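Asker: Structure, please.
(one chain, ligands or ions: 1)
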Amino acid sequence: MQRPDMQAAHLQGGIGFSDGASYTIPISPESPSVPAFSPMQQVPNTAPPPPTAEHKHELLKGKSTADTFAYSTLQINPVTLSWRDITYDVKLKRKNPETGKTEVIDKRILDGLSGVVRPGEMLAICGPSGGGKTTLLDAIAGRIDPNRKGRKFSGDVLVNGKVRDETFSLVASYVQQEYALQTPFTVKETMAYAADLLIPHSESTREERRMRAENVTHVLGLDSCNNTIVGDVFRKGLSGGQLRRLSIAVELVRNPSILLLDEPTSGLDSAAAENIMQHLSHLAKMGTTVVCTIHQPPSEVWANFDKFLLLSRGKCLYFGTASTTVDYFARMGYPCPSQSNPADFFLRLANTDFEGHADIEALSKGFKTQPEGMALAAGVAAPIQHEIHPHKKTNGFLVQLMILSHRAFFNNARNPGIFLVRLIMYAMLCAIIGFMFWNLQLGPSDINSRITMLFFVAAFLTFMSVAVLPFFIVERAVFLRERANGWYVVPAYVLATFFMSLPGLFMIALLSTILVVLPSGLTGFGIFLLDLFLALMAAEAFMCVVASVVPHYIIGIALGAAVYGFFMLCEGFMKIKDDIPDYFIWGYYIAFHTYVFRAFMVNEFENIDYFVNSPQFADGKAVLKFYNMEDKPVWKDLLIVLGYAIGLQLIFGTILQVFHKGKR
Ligand SMILES: Nc1ncnc2c1ncn2[C@@H]1O[C@H](COP(=O)(O)OP(=O)(O)OP(=O)(O)O)[C@@H](O)[C@H]1O
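Answerer: Take a look at the predicted model:
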């Protein structure tokens, strides 16, 4: 279904969503009649103007209707990306082998790097492992925190000649090396959520957003797997190449002017790598400024590069037109043997870990004195004639909250690791508890059974929330990617995940309460349910906090288990409050388990008027007195547990806001 203005635009071989100065550059790589767009040698002083409508029309000839339409809806505001003299030093601690003492040394990761990439160009940053490719890409994207201790960062990144500011994430998208996608969604759903989150609702209808998502899906060749899920350890989904293309597609939905990709071909076979690079090359020809790092490009992939940057130990050995690289190195005394893949040859020259590498210092110094080096310096200094047009509005808080809540609800419902596995675990354990404490009476041993059972429920059912940690860590990667690319604000994310966890937690609490309270004959079903529900909310929030601070889920599980173990000890059962040593009494007060357990106890014992043959306790109140729980209203404890749940969510949000900006 096309909107009339889109149909008109299509007929003109032009633009669908009109947003001022957007333009499209055609994609046909086999259109020789059109001049190449801004090879560096042709622009010693000024940046070229965006391509004309005639050029676009010309180059869209020969494409199928679907292709032409899909590509024509990708409108990109022309952006020239440049960087000047980027230098990055870190302090490292090393043991001096001679003195045996630990010394702090400066390590130069990036050494005075400059570069310029214009709309319509694709730059490949190549180099051996550890050469500085990812660090440079992060520096360009503003993902290095220059204020961290032991770091020194200098240099500028310029967007259309102006120093990059906080709007960069609205103009540029960064596709990281690791996949970070929500696993239960299909390609179509993933794209729809991306479109809903990234395209302002004030400027588009739902149908238009769907159409944009479909067009990007088509452009990246994902039509055939529209209904395939991303997949995870439980369910097979997309292949590696498809995942890579989907990672790119979600970022393209809002037509970024700059696309930065870290190793887009890593882990793929050469056919899949070539396929991805062809897609990227097409996107570049549409006007996107594309920069990617590539470790070892096969020759088929090499053919797609417009520009090539060779790094070694953070130094630039070459920056210029990819097709003239062989000539350049031949001139510098390193002729590429015939029959060799040029990329392999250059990488061997740059790899100082093995024999046969070039003289890196001489090459890097020499480059600056060569015509290519001087053209680069001139290109970086050249004035830019095209401006960024602020077509990138974001959605408001409420829209973000609505979309994120919708997505979180279905993610929770469909991802078996988040609730289903836990629901089964809780059901099995609670059924065992129910049978173990079947039909409790009012004898002395029943008093003991009630107390131990309530302790077990308060302690162990909250403890089991550690099981969700691995899934939270997976979710964290998705959040980090989306936040760093400016998809939404942190409060919208935290509120959405919090609200949408409630139905699942309530189901777990309800099933557990039914399986525990009814068979055992405990009193106060409603309060028991509420107390358990709030306890699970607090435990879930605590796990969110843990997931936001640990580097790996194994550390998170260990940390969560240790803290819960301590809280169990302090909650007033193992030792009653009066017997807890002074140096641990703070544990009694800060453990939310204390209030959960006390509410269970008061709810159960407050209304028991007598026990049969019990020499120690005449009634329920005597039990509460023994445990220092007399005169403690249940509602107060329930409010405290609710306060924990909300407070921990606030801490979680603050940690995300302050520490998870996607910078390293
Ligand atoms: N914060 C840091 N502290 C210490 N060393 C660092 C830091 N950041 C990067 N490095 C080092 O800088 C070098 C370049 O790292 P980078 O990840 O950019 O390399 P790369 O070319 O992308 O390598 P690969 O292809 O293996 O991913 C490496 O030796 C890395 O260990």
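Asker: When you work out contacts or count neighbours from here on, use the C-alpha atoms and nothing else.
Answerer: Will do.
Asker: Write out the residues of the stretch 101-250 of the chain neighbouring the ligand.
Answerer: Contacts of the stretch 101-250 of the chain with the ligand, taken as C-alpha under 6 Å from any ligand atom, map to 109, 128-135.
Asker: tell me, what residue is most central in the chain?
Answerer: Central residue of the chain (C-alpha atoms, centre = their mean): residue 481, 2.6 Å from the mean position.
Asker: related to what we said a few turns ago, in helices, which of the residues of the stretch 101-250 of the chain next to the ligand appear?
Answerer: Using DSSP state H, the members of those that fall in helices are 133-135.
Asker: Out of those, who's the most crowded?
Answerer: Highest neighbour count within those, by other C-alpha atoms under 10 Å: residue 133, with 29 neighbours.
Asker: for the ligand, what are the nearby residues on the chain?
Answerer: So the chain meets the ligand at 90, 109, 128-135, 295 (C-alpha under 6 Å from any ligand atom).
Asker: These into TSV, with extra columns for pLDDT and distance to residue 288?
Answerer: Output for those, formatted as TSV (pLDDT from 0 to 100; distance: C-alpha to C-alpha, whole Å):
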residue	pLDDT	distance to residue 288
90	91	33
109	93	28
128	89	26
129	88	27
130	88	28
131	89	26
132	92	24
133	94	20
134	94	20
135	95	22
295	81	22
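Asker: From those, keep the buried residues only.
Answerer: 90, 109, 128-129, 131-135, 295 (16 or more other C-alpha atoms under 10 Å).
Asker: Around residue 637, how many other residues sit close by?
Answerer: By other C-alpha under 10 Å, the residues close to residue 637 number 21.
Asker: Grab the nearest non-local neighbour of it.
Answerer: In space, and not counting its chain neighbours, residue 637 is closest to residue 595: 5.2 Å by C-alpha to C-alpha, 6 or more residues apart in numbering.
Asker: Residue 439 too?
Answerer: Counting by C-alpha to C-alpha, 6+ apart, the residue nearest residue 439 is residue 520, at 4.4 Å.
Asker: what about that neighbour, distance to the ligand?
Answerer: Residue 520 sits at a distance of 57 Å from the ligand (criterion: C-alpha to the nearest ligand atom, to the nearest Å).
Asker: quick one, what contacts that residue?
Answerer: Residue 520 makes contact with 434-435, 437-440, according to C-alpha atoms under 8 Å, 6 or more residues apart in numbering.
Asker: so which helix or strand takes in the closest residue to residue 513 other than its chain neighbours?
Answerer: Nearest residue to residue 513, sequence neighbours excluded (C-alpha to C-alpha, 6+ apart): residue 529, at 5.7 Å. Using DSSP states H and E, residue 529 sits within helix 525-549.
Asker: likewise residue 153?
Answerer: Residue 153 belongs to strand 151-159 when elements are defined using DSSP H and E.
Asker: Packing partners of that strand?
Answerer: Applying 3 or more C-alpha pairs under 8 Å, 6 or more residues apart in numbering; DSSP states H and E, one finds that strand 151-159 makes contact with strand 81-95.
Asker: Would you mind pulling up the elements that the strand it packs on packs against?
Answerer: For strand 81-95, the packing partners by 3+ C-alpha pairs under 8 Å, 6+ apart come out as strand 102-117, strand 151-159, helix 371-381.
Asker: If we ignore the residues flanking it in sequence, what's nearest residue 649?
Answerer: Using C-alpha to C-alpha, 6+ apart, the nearest residue to residue 649 is residue 541, at 5.4 Å.
Asker: so what pLDDT did the residue nearest to residue 323 when sequence neighbours are not counted get?
Answerer: Using C-alpha to C-alpha, 6+ apart and skipping residues adjacent in sequence, the residue nearest residue 323 is residue 306, 7.4 Å away. In this model, residue 306 is scored at 87, pLDDT.
Asker: Can you report how many residues lie near residue 306?
Answerer: Residues lying near residue 306 (other C-alpha under 10 Å) number 24.
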